[in-house]
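> Next come a sequence and a model predicted from it.
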Amino acid sequence: MPTLRKATLADIPALEALIARSARGLSTGDYSPPQIEGALRGAFGVDSQLLADETYFVVEDAGQIVGCGGWSFRSTLFGGDARVGRDSSILDPKTQAAKIRAFFVDPGHARRGLGSLLLDHCEGQARAYGYREVELMATLPGAKLYAARGYAAGLRVHFDVGSGERVEFIPMRKLLTAP
């Protein structure tokens, strides 16, 4: 039975390994291997600010971390610690959307509801902090989950991941309703 808990700094090595497994195993239909490897150098990765803010969570099954994801009350929309140009300013829940951040699932546990479990939890947390809207930057494979959960897609954007590679993302938003 999967269990959800807050991520800790001690989880970082396991999170880094999970993110790499997830990206390499679940993104191959949408991104090339060079795009995936480039994204793992900055667009995908652990954001230690989320851990410090206690807004990042893991799903464990049989003692192994098999999913992760979080939300944020800060301006940074996506990217791990390696991404430059991050903005840690605090958002105003009355006028700005909370950020849904860094969802990854182990390929061996995909399509078993772990992403929905994390998303429900994170949306509930954002709602409890007074946010009425959430936004995220979806990967192409992740956009399917978010669309099924009521997120509206914006125009696709491209992010330079180095070595001449660019990765396509989809900005998405959702109004939070009362629980």
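Good, I have the coordinates.
> Can you say which helix or strand has the most centrally placed residue in the chain in it?
Central residue check for the chain by C-alpha atoms, centre = their mean: the C-alpha nearest the mean position is that of A102, 1.9 Å away. A102 belongs to strand 98-105 when assigned by DSSP states H and E.
> chain center to that strand, what's the gap?
On the basis of C-alpha atoms, centre = their mean, to the nearest Å, strand 98-105 is displaced by 2 Å from the centre of the chain it belongs to.
> What ranges does this protein have for its helices?
For the chain, applying DSSP state H gives helices covering 12-26, 33-40, 48-52, 114-128, 140-148.
> Mind giving me the packing neighbours of the shortest one?
Think helix 48-52. Using 3 or more C-beta pairs under 8 Å, 6 or more residues apart in numbering; DSSP states H and E as the contact test, the elements touching helix 48-52 are strand 64-72. In this view, the C-beta of every residue, glycine as well, is placed from N, C-alpha and C.
> Format the CA atom coordinates belonging to stretch 113-131 as PDB.
The C-alpha trace of stretch 113-131 is given here as PDB (Å, rounded to 0.1, in the frame of the first residue of the first chain):
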ATOM      1  CA  GLY A 113      -2.700   6.600  -9.300                       C
ATOM      2  CA  LEU A 114       0.400   7.900  -7.600                       C
ATOM      3  CA  GLY A 115       0.500  11.200  -9.600                       C
ATOM      4  CA  SER A 116      -3.200  11.800  -8.700                       C
ATOM      5  CA  LEU A 117      -2.500  11.000  -5.100                       C
ATOM      6  CA  LEU A 118       0.300  13.600  -5.000                       C
ATOM      7  CA  LEU A 119      -1.700  16.100  -7.000                       C
ATOM      8  CA  ASP A 120      -4.800  15.800  -4.700                       C
ATOM      9  CA  HIS A 121      -2.500  16.400  -1.700                       C
ATOM     10  CA  CYS A 122      -0.700  19.300  -3.200                       C
ATOM     11  CA  GLU A 123      -3.800  21.000  -4.400                       C
ATOM     12  CA  GLY A 124      -5.300  20.600  -0.900                       C
ATOM     13  CA  GLN A 125      -2.200  22.100   0.700                       C
ATOM     14  CA  ALA A 126      -2.300  25.100  -1.700                       C
ATOM     15  CA  ARG A 127      -6.000  25.600  -1.000                       C
ATOM     16  CA  ALA A 128      -5.400  25.400   2.800                       C
ATOM     17  CA  TYR A 129      -2.800  28.200   2.400                       C
ATOM     18  CA  GLY A 130      -5.400  30.400   0.700                       C
ATOM     19  CA  TYR A 131      -4.600  29.900  -3.000                       C
END
